[in-house]
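>>> I would like to see how this sequence folds:
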Amino acid sequence: MRIAIVSDIHGNRQAFEAVLDAIAETDCEEMWCLGDLVGYGADPDACVELARDHAAVCLAGNHDLGVCGALPLEQFSRGAALAAKWTQETIREGTRDYLEQLQPSNLDEPVGLFHASPRDPVWEYVLSPLQAELCLDEQRHRVCLIGHSHVALSFWRPSGAPASGETRAPEDELDLRAGEWLVNPGSVGQPRDGDPRAAWLELDLGAMAALYRRTEYDIAGAAAAIRSARLPDSLAERLSFGQ
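I've put the predicted structure just below:
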């Protein structure tokens, strides 16, 4: 089975729609989401509706949990807290109901699924080989998918060797047949690795291989929607820079 992996949508309808269109042009049979459907962007209802319609598996991210009241907004940065508060005040009841059903991890699939990490599914940013080592020691699955950091990257630990990792460019391919892996598809709605295009991943469970993807989308439209909603201007500005 070939699966499209997405993460960190953050209310960016323009990016999510573009990625779904790109997925439709592939051989992917399902789409799985690693969480944060809402957060910084101006279209939380639309993004949740798209996830409801298209995601066979969907996790809760920390922003989803914050909007639902499961996490105190004091734990978020100022911009994130303001966006979460705005989202709480504007989303439809059905949107909130869907978010409240989600969990930050799923261990029932052939690969482990976590919003953030196997050690802390809600908050940990896995950005170094040392963090990866600790997570690889913790995880039950040989291969796990993680989001949260908004950076397309992977960590690999061969048998008897320490973990190593690197950021990933579009069209990078991973051979997941050996060793232990942590794989992050990057962010659809707010990339932070210097590439403003929406990031996602194709995962082939039969071949145990992965392919990194990037998709162009209407960044100006997403930024205009953020400004129209009177969310912090920095949330709009950063989209053009992938930061």
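
>>> for the closest residue in space to residue 189 that isn't next to it in sequence, list the residues it contacts.
Excluding its sequence neighbours, the residue lying closest to residue 189 (CB to CB, 6 or more residues apart in numbering) is residue 12, at 3.2 Å. Glycine gets a C-beta too; all of them are placed from N, C-alpha and C. Applying CB atoms under 8 Å, 6 or more residues apart in numbering to residue 12 gives the contacts 40, 41, 43, 47, 188, 189, 190, 198, 217, 222, 239.

>>> nearest to residue 145 among the residues you listed?
residue 188 (14.0 Å; CB to CB).

>>> tell me the SS of that closest one?
coil (DSSP: H, G, I helix; E, B strand; the rest coil).

>>> how about the helices in the chain?
13-24, 44-54, 62-68, 78-90, 93-100, 129-138, 219-228, 233-237 (DSSP state H).

>>> would you confirm that residue 2 contacts residue 31?
No: contact criterion CB atoms under 8 Å: residue 2 and residue 31 do not qualify, at 10.7 Å.

>>> what about these two, which has more around it?
residue 31 (22 against 16; other CB atoms under 10 Å).

>>> surely residue 170 is in contact with residue 213?
Yes: with contact defined as CB under 8 Å, residue 170 and residue 213 form a contacting pair (6.3 Å).

>>> which of those two has more neighbours?
Ranked by neighbour count (other CB under 10 Å), residue 170 and residue 213 place residue 213 first, with 24 against 14.

>>> tell me, how many residues neighbour the closest residue to the more buried one other than its chain neighbours?
Residue nearest to residue 213 in three dimensions, not counting chain neighbours: residue 200, with 5.1 Å by CB to CB, 6+ apart. For residue 200, the count of nearby residues is 28 (other CB under 10 Å).

>>> do residue 227 as well
14.

>>> please name the nearest non-neighbouring residue to it.
residue 236 (5.3 Å).

>>> including distance to residue 154, pLDDT and neighbour count, could the contacts of residue 12 go into CSV?
Below are the contacts of residue 12 laid out as CSV (distance: CB to CB, whole Å; pLDDT from 0 to 100; neighbours: other CB atoms under 10 Å):
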residue, distance to residue 154, pLDDT, neighbour count
40, 25, 96, 29
41, 26, 96, 30
43, 30, 98, 24
47, 26, 98, 27
188, 17, 98, 30
189, 21, 97, 30
190, 20, 97, 25
198, 18, 98, 29
217, 23, 98, 24
222, 27, 98, 28
239, 24, 97, 23
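
>>> name the residue most distant from the centre of this protein?
No residue in the chain sits farther from the centre than residue 160, which is 30.2 Å out by CA atoms, centre = their mean.

>>> distance check, it against residue 178.
12 Å (CB to CB, to the nearest Å).

>>> now that residue 104 has come up, it's in contact with residue 60, right?
Yes: counting by CB under 8 Å, residue 60 is a contact partner of residue 104 at 5.0 Å.

>>> what touches both of the two?
The contact lists of residue 104 and residue 60 share 35, 115, where a contact means CB under 8 Å, 6+ apart.
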